[in-house]
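J.: for reference, the sequence and a predicted model appear below.
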Amino acid sequence: MDGWFEFVLARYNYWIVIVLMMTGLYIVFARGNLVKKVVGLTVFQTSVFIFYITIGKVAGGTAPIYIGGELDHGDGHGKGQGHGEDAGHGEGAGRGEGESLHAVPEGEAANVLSGEHGEETLASKIDNLPANDLKAALESLDPAPGPAETPSLHEPPEGDLGKISNDALIDTSKPEPAPGFDLAREVHGGAANALDAAAAHGEIIYTNPLPHVLILTAIVVGVSTTAVALALAVRIREAYGTIEEDELEALNEMAEFGHTLGPAGARG
Amino acid sequence: MIAPAYAVALAVGLPLIGCLAVWLLDKSPNWREAATIITGVILLALSVTVFAAVGEGQRPGYVLFDVIDGLPIAFQAEPLGAMFGVIASGLWLVNSIYSIGYMRGGNEKHQTRFYMCFMVAIAAAMGVAYAANLFTLFIFYEILTLSTFPLVTHKGDDNARRGGRVYLGLLLATSIGLFLPAIVWTYAIAETTDFAVGGILSSHREAVAPIAGVLLALYAFGIGKAALMPIHSWLPNAMVAPTPVSAFLHAVAVVKAGVFCILKVAVYVFGIDLIQGSSAADVFMWIAAGSILLASIIAMNQDNLKARLAYSTVSQLSYVTLGAMLATSMGVMGGATQIAAHALGKITLFMCAGAIYVAHHKTLVSELRGMGRIMPFTFAAFFIGSLSIIGLPPMAGSWPKFFLMLGAAEAGERLIIVVLMISSILNVVYLLSIPVQAFLKARPGEPHAFEGGWYDGPRYDAGDAAPARPPRTAIAEAPLFCLVPIGITAAGALVLFFLMDPLYDYLTPLMAGGSS
Amino acid sequence: MNLIAQLPALAIITPLICAPITIVLPRGRAPWVWATIVSWLTFAVCILLLREVAAGGEISYHLGDWPPPLGIEYRIDLANALVLVLVSGIAAVVFPAAYRSVKPEIDPRQSTFFYCAMLICLTGLIGVTITGDAFNIFVFLEISSLSTYALVAMGARRDRRALTAAFNYLVMGTIGATFFVIGIGLLYQATGTLNLADMKQLLAGQTSRVVDAGFAFIVVGIGLKLAIFPLHLWLPNAYTYAPTAVSAFIAATATKVAVYVLIRFLFTVFGFDFSFMGAAFTWVFLPLGIVGMFIASLVAVFQDDVKRMLAYSSVAQIGYMLLGLSFATVEGLAAALVHVFNHALMKGALFMAVACVVLRAGSHSIQAFAGLSQRMPITTWAFVLSGLSLIGVPLTVGFISKWYLLEAAFAAGHGYASFLIVASSLIAVVYVGRVAELMLLRPPAQEGPYVLPKRDAPLSMLIPMWVLVAANIYFGIRADFTGDIARRAAEALMLAAGGAP
């Protein structure tokens, strides 16, 4: 019972997403007033924004703004490491963020783990390992494989063990956590230096910036959709004198079956 | 002389050029009709060239281009197609001459459109005749359907619309709904649609065997133009068309194309052996036999002359299907020769019906009593045509029936022989009665036909009345444009009787893949 | 700078940059001419792209020179090159005709915005097709959708129902897009990438409920945009009340692009390893395709509005495409792609013909079509020919589609499906025949609102319409071009999806 309760609580952010989503959809379908429909639509979209933010949240991570000087990036990282997702995304910062993006879970893992085993051990271990073995190192470091089953919170309660990664949420049954992919790939991609550095400097943790960027774009889309919808509602009110769906339908049916559609019926 | 291979391609292309010419000559009817006749003459010459070349053992062909990889529009003449080509182009020429008389005599509207569609239709018929694969065959089959639709609905009134709807609906529905899947299925099995002597499916026997019945059914009913019952109802419905069109549908191209396709499928797609081995063929043989009898019986009850002829066509062309399903060499031969013989006979009958309509606006059989005196030539031709359809020597129609009976005997289907005999008797009843009544019976009382009110009751003894007849009963035939073609085809029906031996030899290669 | 190397970007940038310029142009012909030129340029770019791809294989263009998987990649293989050419080609044909068609249909004050929205819509559609980035697809999808909502609403000058139609479309479209973006979010959660090709690699072997849910969200989201049968409710009204040129454009392109996105996700991202694929094909796409084919066709028969009839016919035709891809064979996929291309040609031509009638008759009621052959013979014949194409008569593209579909059905062992295909195309005979008979065999109206002068549409509309009709016939006779490209594209997709080649 307790486990179940925790299971539910631990995902409170997802419950918010689901509740909002369903509320929004319900409003869209159940309300006849066009403006209320738009409100419902917006609520529905907002749930998605929160969902994306949830994805990107890293426990203890700071805003993904590059803290200069902390990391020595060297000049090995050419352009192209970052996610140039959005034009609005600052150029220089974009690169740094891009790297930290995939490093984040790792960093977090390091952080959590360091709480367990002491920072030096981990850092030195990682430092000493060849880049490609980072993942293996992580797995070997994992003290209790069992807790991977219990999903983590993004803000794990103090002292709760085994919160390797917030991304463990993704799939509890999967042996290797999803970030492993990112990690391995990132390493493969030649960003090993950065990773090493990040891991070594363990204390700087960024939240994943990409979902934020994505959702900024989605918010722009959502705002424009709402704007168009409201504009349409205004036009509908001008044309019909109402924005109640049932009345609109009645009027439309009048037009359809009352008299035929002809040039005479055209509205100036 | 033109190379046969080009003649094959040109036979399909020329009418399209003719169509353009007709369109351009819209404003001067005489030149327009001249263009039609010139096209017809050249077309006949081309098809005869092809016919001759095929007779020498050549198989002239022409590949246009691939529509889809491995599926070209290709033409190749073989004996059956060459024969159909000559019949179609020859009768089309005759029919065109006739339609000039008919259309002018009847002052029909939209004559340019009419001749243009006629051109496209014959092009499609030639395409069907010379198609080298099922794919090409299907394309031209559909063009034929579409190009004849404006002809069928030529009058443009409610009746024509209704008839046209049934015509197009039924033909498109069967061809797209059944024929096309059958072709694609064949293609899926055999990976080719090219006609081959002996049948393209015969080498995939194990794949075909379980579905042979279904496939055969798809073809038999999918080729709706063959008018196998119950897919025949488009034919009587198409009677709303002007008579030249009816002649075209029944004798020249459309129904002929249908039964031609059936024969083609039986011989070159399935192969005679495969059909013989399939129990489904028996079913279709009996469906064909049923069509023969049922349509004859319906024909007897039709008062409308053209409707009677239409059902007669349904009945007569089921002979071809029957021959294909008998799947003996004689059966196929009977079917093939029936195409030629029936064409000559039926076109004669239709042109006679049209001549009667043009001259006297009569469409009912019951109105024709005594008309033989007024239109002796027309009814004489009608008599000859009837004899040929019934199958009495010395008319061309006698041979196919003979072959079919032989074929039935060969296949051990004695009951089919009985069916054929009954059918001939029914033919006598519903066809021969028309000219007989026209010549021997008096005309029924028609007050407006006689002046002066000197006669006020039915007269049964025509002989006595003859001296008292007013001068108006003098001969009143249709225009010469109508009569000449009738004479030609009637004579043709007679001549073909004597030419059957060469035709038989000519068609023998069809049986190359057969067992006997 | 080597322009050829920048072609993928040009395909997007040309309409995108030129769209806002339209607004500052003076009213009248200028925006139209400008938009037309831009559409032609875009078409030229897309043709060049197709040539490049056909000759040299896949193009991977890195936007801003950021290499994938982190940077946005434009990835063009044969499948989307074909769709690109299709979309831009339809635009290049519809834009020239739009001026006369749209002039009486929209508020003159909106004319500049109209062409701007059309160009943005074109940008969006091309963007969806060209990009290899999942989130980019969402953004472009919304770019095209938002402009389409506005375009549909512009039909309100003639009939205010355009507004409610646009609103409903907006609600449904937004829900669809949001579902889609949720699905992408889930996939991102599972893979940490947005690049489609990369996603494919990272998804390989993954079986988790996150991916399953992502799949479901994406399919439903695209399904809404695509108007898969039960999700099609927005489509008929939107097509009916939009200005006819817009109907012609979106009917020929928008759903096609959505089909492409569906194919891309199913085959390139998920692949046959994904456990739901088989089930989705067998239990979702196949039955929905068949049901849609029949029900929408039957509904089309009973419509008294030609545009609405064509709209329902579109829903039915989408059923064919779903059916084709649900066979999960190269033949089936090729058939679906061929039909995507061919259906765009026929629907484009049909809606253009309707546009001509609307211009002269001021109505798209079926009554307006009575006796049209005597009033507008050129338009009538265009309609009849493309209608025949819709039915699938030989020598038209419709026949080619049908042939490929039937062949695929037999090859996939779904012989029964081929009979369902032809049976539903027979329903098309009924609804096309109904209009055709009215046009060809009825006398024109002598009184009432549908009396037309004997005057055909202006050349600026007739020529584009006949270009499409000619394309209908040309690609119906020489199908090796489309067939070959579709087949190669399908083979590549199947290979990527891990299916039997």
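T.: Thanks, I have the structure now. Numbering: from 1, shown residues only, chains lettered A, B, ... in the order given.
J.: surely B:Thr66 forms part of a helix?
T.: If you look again at residue B:66, you'll see it is Asp, not Thr. No - assessed with DSSP: H, G, I helix; E, B strand; the rest coil, B:Asp66 is strand; it does not lie in a helix.
J.: what about the residue nearest to it when sequence neighbours are not counted, distance to chain C?
T.: In space, and not counting its chain neighbours, B:Asp66 is closest to B:Pro72: 4.6 Å by CB to CB, 6 or more residues apart in numbering or on different chains. Every C-beta, even on glycine, is put in place using the N, C-alpha and C of the backbone. Counting by CB to the nearest CB, to the nearest Å, the gap from B:Pro72 to chain C is 10 Å.
J.: in contact with B:Pro72, which residues?
T.: B:63-66, B:133, B:135-136 (CB atoms under 8 Å, 6 or more residues apart in numbering or on different chains).
J.: try 10 Å this time
T.: By CB atoms under 10 Å, 6 or more residues apart in numbering or on different chains, B:Pro72 lies in contact with B:63-66, B:132-133, B:135-136, B:193-194.
J.: do A:Ala233 as well
T.: A:Ala233 sits next to A:33-35, A:37-38, A:243, C:163, C:167, C:170 when contact means CB under 10 Å, 6+ apart.
J.: which of those count as buried?
T.: A:33-34, A:37-38, A:243, C:163, C:167, C:170 (16 or more other CB atoms under 10 Å in any protein chain shown).
J.: near chain B, which of those show up?
T.: Cross-checking those against chain B (CB under 10 Å from any CB of the partner chain) gives no overlapping residues.
J.: how far does the host helix or strand of B:Gly323 sit from its chain's centre?
T.: Using DSSP states H and E, B:Gly323 falls within helix B:305-326. Mean C-alpha position of helix B:305-326 versus that of the full chain (CA atoms, centre = their mean, to the nearest Å) differs by 9 Å.
J.: helix or strand: which one has the residue nearest to B:Asp66?
T.: Per DSSP H and E: strand B:71-76 holds B:Pro72.
J.: follow-up on the earlier one: in TSV: the contacts of A:Ala233, plus secondary structure and pLDDT.
T.: Shown next, in TSV, are the contacts of A:Ala233 (DSSP: H, G, I helix; E, B strand; the rest coil; pLDDT from 0 to 100):
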residue	secondary structure	pLDDT
A:Asn33	strand	90
A:Leu34	helix	91
A:Val35	helix	92
A:Lys37	helix	92
A:Val38	helix	93
A:Ile243	coil	87
C:Leu163	helix	91
C:Phe167	helix	92
C:Leu170	helix	93
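J.: dump the helix or strand harbouring C:Lys402 to CSV, restricted to CA.
T.: Per DSSP H and E, C:Lys402 falls inside helix C:397-411. C-alpha atoms of helix C:397-411 as CSV (Å, rounded to 0.1, in the frame of the first residue of the first chain):
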residue,chain,number,x,y,z
VAL,C,397,-3.6,7.5,-63.5
GLY,C,398,-6.5,6.0,-61.6
PHE,C,399,-6.1,2.8,-63.5
ILE,C,400,-2.5,2.6,-62.7
SER,C,401,-3.2,3.1,-59.0
LYS,C,402,-5.8,0.4,-59.1
TRP,C,403,-3.5,-1.9,-61.0
TYR,C,404,-0.7,-1.6,-58.5
LEU,C,405,-3.1,-2.0,-55.6
LEU,C,406,-4.7,-5.1,-57.0
GLU,C,407,-1.3,-6.5,-57.9
ALA,C,408,-0.1,-5.8,-54.4
ALA,C,409,-3.2,-7.3,-52.9
PHE,C,410,-2.7,-10.5,-54.8
ALA,C,411,1.0,-10.6,-54.1
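J.: and whatever helix or strand comes next after it with chain B, contact?
T.: Once helix C:397-411 ends, the next helix or strand along the chain (criterion: DSSP H and E) is helix C:415-441. Yes - applying CB under 10 Å from any CB, one finds helix C:415-441 touching chain B at C:415, C:418-419, C:421-426, C:428-430, C:433-434, C:436-438, C:440-441.
J.: give me the buried positions along helix C:415-441.
T.: Of the residues in helix C:415-441, those buried (16+ other CB under 10 Å) are C:415, C:417-441.
J.: ok, now stretch C:457-476?
T.: Those would be C:457, C:460-462, C:464-469, C:471-473, C:475-476, for stretch C:457-476 by 16+ other CB under 10 Å.
J.: grab the two from the residues you listed that are most spread out in space.
T.: The largest separation in these, counting by CB to CB, is between C:Ser460 and C:Gly476 at 25.5 Å.
J.: could you check how far the helix or strand of chain C with the lowest mean pLDDT is from the centre of its chain?
T.: Sorted by mean pLDDT, DSSP states H and E, the helices and strands of chain C end with helix C:275-279, the least confident at a mean of 78. With CA atoms, centre = their mean as the basis, helix C:275-279 stands 26 Å off its chain's centre.
J.: could you say what helices and strands the helix or strand just after that helix packs with?
T.: Counting by DSSP H and E, the element after helix C:275-279 in chain order, helix or strand, is helix C:286-301. Packing partners of helix C:286-301 (3 or more CB pairs under 10 Å, 6 or more residues apart in numbering or on different chains; DSSP states H and E): helix C:234-241, helix C:306-326, helix C:415-441.
J.: pLDDT (mean, whole number) over the very next helix or strand once past the strand holding B:Pro72?
T.: Downstream of strand B:71-76, the next assigned helix or strand under DSSP H and E is helix B:79-105. Mean pLDDT, taken over the full extent of helix B:79-105, equals 85.
J.: how much does helix B:79-105 deviate in direction from strand B:71-76?
T.: For helix B:79-105 against strand B:71-76, the angle by axes from the mean of the first three to the mean of the last three CA atoms, to 10 degrees is 90 degrees.
J.: who are the packing partners of helix B:79-105?
T.: Helix B:79-105 packs on helix B:4-24, helix B:29-55, helix B:111-130, helix B:243-247, helix B:254-264, helix B:329-360, helix B:480-498, helix B:500-507, going by 3+ CB pairs under 10 Å, 6+ apart.
J.: what's the closest of those helices to C:Asp273?
T.: helix B:254-264 (47.4 Å).
J.: wait, a helix at C:Arg100?
T.: Yes - under three-state DSSP, C:Arg100 falls within a helix.
J.: I'd assumed C:Asp456 was in contact with it.
T.: No - the criterion here is CB atoms under 10 Å, and C:Arg100 misses it with C:Asp456 at 11.9 Å.
J.: overlap in contacts, the two.
T.: Joint contacts of C:Arg100 and C:Asp456 (CB under 10 Å, 6+ apart) are C:356, C:359, C:462.
J.: wait, what's in contact with the nearest residue to the last one once chain neighbours are set aside?
T.: If you skip the residues right next to it in sequence, C:Leu462 has C:Ile378 as its closest partner in space, 5.7 Å away by CB to CB, 6+ apart. For C:Ile378, the set of contacting residues under the criterion of CB under 10 Å, 6+ apart consists of C:353, C:356, C:456-457, C:459, C:461-462, C:465-466.
J.: on the pLDDT front, check C:Ile378 for me.
T.: 90.
J.: go on, the one 3 residues further on?
T.: You'll see C:Trp381 listed with a pLDDT of 90.
J.: same check on B:Val255?
T.: With respect to pLDDT, B:Val255 has a value of 86.
J.: and it, how many neighbours does it have?
T.: Neighbourhood size, B:Val255 [other CB atoms under 10 Å in any protein chain shown]: 29.
J.: same thing with A:Glu238?
T.: 11.
J.: quick one: which helix or strand includes it?
T.: helix A:209-240.
J.: circling back to that earlier point, in helices only, show me the buried residues of stretch C:457-476.
T.: The helices, defined by DSSP state H, take in C:460-462, C:464-469, C:471-473, C:475-476 from those.
J.: for B:Ile37, find the nearest of the helices and strands packed on helix C:286-301.
T.: helix C:415-441 (28.1 Å).
J.: perfect, I'm done here.
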